[in-house]
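Chemist: Sequence plus the predicted model coming up.
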Amino acid sequence: MATADELNAQLTALKKARASGALVIRHGDTQVTYRSIAELQKAIDAIQNELDALTGKRKRGPRYVRQDRRGL
């Protein structure tokens, strides 16, 4: 399992690649080629979720607000 520092480094590299539009990423001696920006975003989301789980952050789900005809 990767440490928080390793995950942060990977996350930073992926975000820089997404910002530049690159689909080929090198991290250390490993090279990964993504097929699309959507696939790259999925990798970013997966690493972010793993990092959140490691650090104890919880993802908040959607909030629903109910409103009736009378207003507030």
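Modeler: Done, it's in.

Chemist: what ranges do the helices span in the protein?
Modeler: Under the criterion DSSP state H, helices of the chain are mapped to 4-20, 37-55.

Chemist: Enumerate the positions of the first one that are buried.
Modeler: What that stands for is helix 4-20. Across helix 4-20, burial judged by 16 or more other CB atoms under 10 Å covers 7, 10, 11, 13, 14, 17, 18. In short, each C-beta sits where N, CA and C put it, glycine included.

Chemist: ok, residue 23 to residue 16 distance?
Modeler: According to CB to CB, to the nearest Å, residue 23 stands 13 Å off from residue 16.

Chemist: need the contact list for residue 16.
Modeler: Contact partners of residue 16, counting by CB atoms under 8 Å, 6 or more residues apart in numbering, are absent.

Chemist: which one is residue 37 nearest to, not counting chain neighbours?
Modeler: Leaving aside its sequence neighbours, residue 37 sits nearest to residue 18 (CB to CB, 6 or more residues apart in numbering; 6.5 Å).

Chemist: Could you export stretch 27-41 as CSV, CA atoms only?
Modeler: Below are the C-alpha coordinates for stretch 27-41, written out as CSV (Å, rounded to 0.1, in the frame of the first residue of the first chain):
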residue,chain,number,x,y,z
HIS,A,27,6.2,8.5,-12.5
GLY,A,28,9.6,7.2,-11.5
ASP,A,29,10.5,4.4,-13.9
THR,A,30,6.9,3.6,-14.8
GLN,A,31,5.1,5.0,-17.8
VAL,A,32,1.4,4.9,-18.3
THR,A,33,-0.6,5.8,-21.4
TYR,A,34,-4.2,6.8,-20.9
ARG,A,35,-6.7,6.5,-23.8
SER,A,36,-8.6,9.6,-22.9
ILE,A,37,-8.9,12.5,-20.5
ALA,A,38,-12.0,10.7,-19.0
GLU,A,39,-9.8,7.7,-18.2
LEU,A,40,-7.2,10.0,-16.7
GLN,A,41,-9.9,11.6,-14.6
